[in-house]
Each structure stands twice: as structure tokens, then as C-alpha cells.
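# I need the structure of the sequence given here:
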Amino acid sequence: KDVLFKGTGGWALQDSFKVRQDLYFESGHLHTNDQYLSMSRFYRETKSSRILELTSSTLTLQDTIRYFYGNFNIQTNNLTLDAGTSTLAFINPGGVYAFGEQSLAFHKVVNYNYAGHDNFIEGLLHMDTLELYQESRLYHNYYDVSNLIINAGYDLRISQGDTLRFDSLLVRGGCGAYAEIRSGTVGQPAIVLPTRPGMVSDLIVQDLHNPTAFMLKAYNSVDLGNNVGWDFTMSGGRDLFWVGNGGEGADTSHWSLSSGGPGGECPPGPADNVYFDRNSFSQPDQYVFTDSYTWCRDMDWTGAAFYP
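So this is what the prediction gives:
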């Protein structure tokens, strides 16, 4: 189940390394040697001297239990970390919890989290790339990220008063999809520090203060309030009509520019009005459902038939 590395010598992996549960790294020199590692948690609270070389390895952490203190949980004091070009990939709930006075630098951290719960990151951390496929939280610290990528449909929340410094911010979007970035507490700002002027699109922003001289231009984006140092523009809204009986809200075949017209339009965004009318449903007991964030400006059900 568990594997413990402890000693005064070192270990260099010669093959992929899979642990059913936890990998404990207590002392010594662990060299992953470009190999693939899979485990539930990488864990150690010891302050013993440790050297961790990750080279180009991918570490997949896939615990099915949500640990409040993360499933990459490590004491930073007396730790020498060489992240190389490695990737930390979180498949299920959890995240990075680095504690101690020493900061750590990772190459790439990816939050996939197919289980559908929040991932979180806590500690004095630099990340060359942070890519989010799930709701994620930054807790109680200063974060330095070279490339921040938020996939559309997900959000990043930064604890109030905490700081996120980044070189670039990208929303990797889809048809009619938005990402969100905001403070973890409504009305209480978090701080963002871009290192240069930036442009981003398809973003919803709330309670983020940018005190630098570098304005953040957010195109086709939404200002939910209490933002400083951002310049928002929103494209003109559409009138979209639901067609084709029940279905999933992100399905383009159900959205039309005219009542009863052909589908194929991108799902609504925050500036769009949506209508469910007499041409939306042709039979009873129909459901419109969504398994992701859904936006619109105004919603009108006038004339919708068959009690959907």
C-alpha cells in the first residue's frame, strides 16, 4: 500500500513507479530519473535533509478522498527541490500543501480533478505553468505563476488579501464558454500583480485589485464589481431561442437566432437574452439541464408549452 524512502543515501528510479496509496519521503536523495510516478499522496512532514529531483517526470496524484491538507503535502524546510520539466497532475480532490519558511518552485501543476470537487494550492510557491480544468483555490500566501491557464467553465478563487503574480493569463475557451477568477470572499479583494500589460477574453472577474501600472484588458468579459486595474469590454448580446425539446444547455443544436429556427448557435453568455417559447417544446415532460456553469442576461419563458 505505502512506500517509505528514508536513509542517508539515494535512490534513482529505473522504471515507472506506482504506489497504491501513499509515498513517504522522509530523508535522503530521491531522483525520479524521468520516470512516471502514480500515487494517492506524496507526503512528509519531517524537517530532515532531503533532495528531490523530478527531472521530466509526471507525478499523478489520484486519491479519491478529499484531504484538507492536500495530497502533495510536504515540509519545505531542509528540502532541496529541483523540479526540472516535471508535471504534477491532480486527478481527484486535493492539491499542493507546502508548509515551512522556504519557498518551492515547480515546473507545471495541472488540476484535472475529475471527481468534481475543489482543488487547492497553499504555500510559498512559484509555478512555471498552472493549468486548471476544475474549480481551484489559492489559500493564504503569495503565488508566483509564469503562465496561468484557466479552461473555460471553471473558476479560480484567491483568498482575500492574498497575492497572485503572473506573467500571462489565458482562458482556453470553447463555444460560448467563460472562466472565472475572483476573491474567495465577496466584497473583500485579492491582489493580482501582472508583470506586463495583458489581454484576455471570455473571463468573469470579481473583487480583484491590480495596483500595478499594467492595465489588464479583458475582452468579451464581465465585471462583477470591485475590480481595480482592469479594462472590460463586452461584445454585443444576442437573442437566443431554445429549440428541439429537452436537452443539455451547452448543446449548440438547441440554440437558434430565431423562434423555431435552426440550431447551431454557441450557448448564451452573460450578455445574451434567452427565450423559451411556443416553438421550444413539442411534447410534455421535457427538461433543460446543465452540468456546468450557465450564463445569460435575461431569461423569458413566455408562451412555453407542455409544462417543461
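
# Bridging across strands, which residues link to the most centrally placed residue in the chain?
Among the residues of the chain, Leu132 comes closest to the average C-alpha position under Cα atoms, centre = their mean, at 2.8 Å. Leu132 has these beta-bridge partners by DSSP bridges: Asn111, Ile150.

# what's the closest non-adjacent residue to Ser27?
Distances taken as Cβ to Cβ, 6 or more residues apart in numbering place Ser48 nearest to Ser27, at 4.0 Å, with adjacent residues excluded. (Glycine included, C-beta is placed from N, CA and C.)

# Repeat that for Gly174.
Leaving aside its chain neighbours, Gly174 sits nearest to Ala152 (5.3 Å; criterion: Cβ to Cβ, 6+ apart).

# wait, isn't the one you found in contact with Tyr178?
Yes. Under the criterion of Cβ atoms under 8 Å, Ala152 makes contact with Tyr178 at 6.0 Å.

# what's the overlap in contacts for these two?
Contact criterion Cβ atoms under 8 Å, 6 or more residues apart in numbering; residues shared by Ala152 and Tyr178: 171, 202.

# So the two - more neighbours on which side?
Neighbours were counted for Ala152 and for Tyr178 using other Cβ atoms under 10 Å; Tyr178 has more, 23 against 18.

# which ones are touching the more buried one?
By Cβ under 8 Å, 6+ apart, the contact set of Tyr178 is 152-153, 171, 202-204, 221-222, 269-270, 293, 295.

# For the nearest residue to it once chain neighbours are set aside, the count of nearby residues, please.
Once flanking residues are discounted, Tyr178 sits nearest to Asp202: 4.9 Å by Cβ to Cβ, 6+ apart. Counted with other Cβ under 10 Å, residues neighbouring Asp202 total 20.

# From Ala179, how far off is Asp202?
Look at Asp202 and Ala179: by Cβ to Cβ, to the nearest Å, they are 7 Å apart.

# what's the answer for Asp2, then?
Distance check for Asp2 against Ala179: by Cβ to Cβ, it reads 37 Å.

# Can you report how many residues lie near the residue nearest to Pro267 when sequence neighbours are not counted?
Leaving aside its sequence neighbours, Pro267 sits nearest to Gly176 (Cβ to Cβ, 6+ apart; 3.9 Å). Residues lying near Gly176 (other Cβ under 10 Å) number 21.

# pLDDT weak spots in the stretch 151-300 of the chain?
292-293 (pLDDT under 70).

# Next, count neighbours for the residue nearest to Ser27.
15.

# Can you tell me the SS state at it?
On the three-state scheme (DSSP: H, G, I helix; E, B strand; the rest coil), Ser48 is labelled coil.

# what residues are up against it?
26-27, 78.

# Throw together a ChimeraX command that grabs the buried residues out of those.
If you want just the buried ones from the contacts of Ser48 in ChimeraX, going by 16 or more other Cβ atoms under 10 Å, the selection is:
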select :27
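
# need the contacts of Ser48 in CSV with pLDDT and distance to Leu52, can you?
Converted to CSV, the contacts of Ser48 look like this (pLDDT from 0 to 100; distance: Cβ to Cβ, whole Å):
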residue, pLDDT, distance to Leu52
Glu26, 94, 12
Ser27, 95, 11
Asn78, 94, 11
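
# quick one, phi/psi of the residue nearest to Gly174?
For Ala152, the backbone dihedrals (degrees, to the nearest 10) come out as phi -60, psi 140.

# before we move on, what about His254?
In terms of degrees, to the nearest 10, the main-chain angles of His254 are phi -100, psi 0.

# show me the contacts for the residue nearest to Tyr178.
Here Asp202 is in contact with 152, 171, 173, 177-179, 220-221 (Cβ under 8 Å, 6+ apart).

# Against Glu265, how distant is it?
Applying Cβ to Cβ, the value for Asp202 to Glu265 is 16 Å.

# which residues in the stretch 201-308 of the chain form strands?
All strands of the stretch 201-308 of the chain, identified by DSSP state E, counting those that start in this stretch, fall at 203-206, 208-209, 216-219, 222-223, 230-233, 239-242, 247-248, 255-256, 273-275, 288-289, 299-300.

# just those strands: most buried one?
Among those, ranked by average contacts under mean count of other Cβ atoms under 10 Å, first place goes to strand 255-256 (a mean of 24).

# Can you name every helix or strand that it contacts?
Helices and strands touching strand 255-256, by 3 or more Cβ pairs under 8 Å, 6 or more residues apart in numbering; DSSP states H and E, are strand 239-242.

# what about stretch 51-67, distance to the chain center?
17 Å (Cα atoms, centre = their mean, to the nearest Å).

# Same question for stretch 24-43.
A distance of 24 Å separates the centroid of the chain from that of stretch 24-43, by Cα atoms, centre = their mean.

# That one: end-to-end distance?
5 Å (Cα to Cα, to the nearest Å).

# count of neighbours near Leu130?
Leu130: 26 surrounding residues under other Cβ under 10 Å.
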